[in-house]
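> what follows is a protein structure lacking sequence information:
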């Protein structure tokens, strides 16, 4: 894959910021953290925790650890994102170890993102985030495919398309009360299937 | 969320999931409605902090589905707050200045040391001052008691007091308004006493 010139500029900027941070200017970390906070939250942390409050705490701890340990990071011509991602995953498992709750959510989403991105590709951060996003979605789709058709439709309408309950009920030709029951059972079935596949 | 559940509802997570067309019990309908309202709130960004374990587990699954579908964004203001918190947490200071450099960090570290030692320094200095005050008080020479006031020389009574009763005498009703002449008489008598004291004695 050929390197995109825009990505190359971004990577040079990233290297400059990392070196400045390693030289003691921790303010240089701010643009890096701002750039990668959302991918870490949306594709790494939240899909493994399922709880927004805990996910925000883990994100904050991840970023703090990155700032504290930036001196240990070795620049190898690739983005800092994989390093941040690994810190985030370790923090997620710390949370699960402490709470012993919903560990299988993390396990279900635990897949190795291929690390063999081409060395000359400067878009590794974006690439990894995109791969992970696709992979997460595939895991969800695989599980949805194993559910009853009406359960799958209920989840798609309410949780993926985020349509209001009334609209979801109309689309399925049921009352709102019946739709609530369908969604409730659908999420239970999804959880059972998701966990059973990966436990 | 209803607290009372029937038997089907007690093993909510472990029990089998009914088929879509199975008739729900009243308890399941109530629970489903409550869960739907939880989902409503979560989609609106107002997830209640407290809920039972089963509902939390199901809501986490719903959030995972939404997150994997790219539906959960961290709002920019919230992201900024978390980043600033992380920087503070990492550096251990209140905030990094916009021109923060290594100097900022050094200042921060110095500040941290200062905050750590300042209370002990103040306490130590206070104790030293108190000890010095006690030592000075113990070593200071005790002052002699003040000398007794010398007894006033004895003077004749007319030089210590000059009652005006004998001088003015009873005041007749018709002379009651003439206070000026009485004051003049008293003043002249006091002036006599002064002259007698001042000029009548041998130097």
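It's in. Here the structure is a predicted model, which is why all the values come from computation and not from measurement.

> so residue B:62 sits right up against residue B:42, yeah?
Yes: applying Cβ atoms under 8 Å as the test, residue B:62 and residue B:42 come out as touching, 7.0 Å apart. The C-beta positions use only the backbone N, C-alpha and C, and glycine is treated the same way.

> so which of these two has more stuff around it?
Neighbour totals were compared for residue B:62 and residue B:42, and residue B:62 leads with 23 against 18 (other Cβ atoms under 10 Å in any protein chain shown).

> contacts only, for the more buried one.
Residues in contact with residue B:62 (Cβ atoms under 8 Å, 6 or more residues apart in numbering or on different chains) are A:50, A:159, A:187, B:39, B:42.

> which elements pack onto the helix or strand that contains residue B:80?
Applying DSSP states H and E as the criterion places residue B:80 in helix B:76-91. In terms of contact count using 3 or more Cβ pairs under 8 Å, 6 or more residues apart in numbering or on different chains; DSSP states H and E, helix B:76-91 is assigned the packing partners helix A:29-39, helix A:52-68.

> that one vs helix A:52-68, what angle?
Direction vectors for helix B:76-91 and helix A:52-68, defined by axes from the mean of the first three to the mean of the last three Cα atoms, to 10 degrees, enclose an angle of 50 degrees.

> which of the contacts of residue B:62 sit farthest apart?
For these, the maximum inter-member distance is 12.8 Å, found between A:50 and B:39 (Cβ to Cβ).

> any low-confidence regions in chain B?
Scanning chain B with the threshold set as pLDDT under 70 gives B:1-11, B:93-118, B:141-153, B:201-203.

> want to throw the contacts of residue B:62 into TSV with distance to residue B:159 and secondary structure?
Rendered in TSV, the data for those read as follows (distance: Cβ to Cβ, whole Å; DSSP: H, G, I helix; E, B strand; the rest coil):
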residue	distance to residue B:159	secondary structure
A:50	109	coil
A:159	115	helix
A:187	116	helix
B:39	110	helix
B:42	106	helix
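
> how about stretch B:47-66: buried residues?
By neighbour count, with 16 or more other Cβ atoms under 10 Å in any protein chain shown as the criterion, the buried positions of stretch B:47-66 are B:47, B:51, B:54-66.

> inside helices: which ones of those?
Mapping the buried residues of stretch B:47-66 onto helices (DSSP state H) picks out B:54-66.

> for these, which one is nearest chain A?
Minimum distance to chain A across those is 2.9 Å, recorded for residue B:60 (Cβ to the nearest Cβ).

> list the contacts of the closest residue to residue A:151 other than its chain neighbours.
Of all residues not flanking residue A:151 in the chain, residue A:186 sits nearest, at 3.6 Å (Cβ to Cβ, 6 or more residues apart in numbering or on different chains). When contacts are counted by Cβ under 8 Å, 6+ apart, residue A:186 touches A:147, A:150, A:151, A:152, A:154, A:155.
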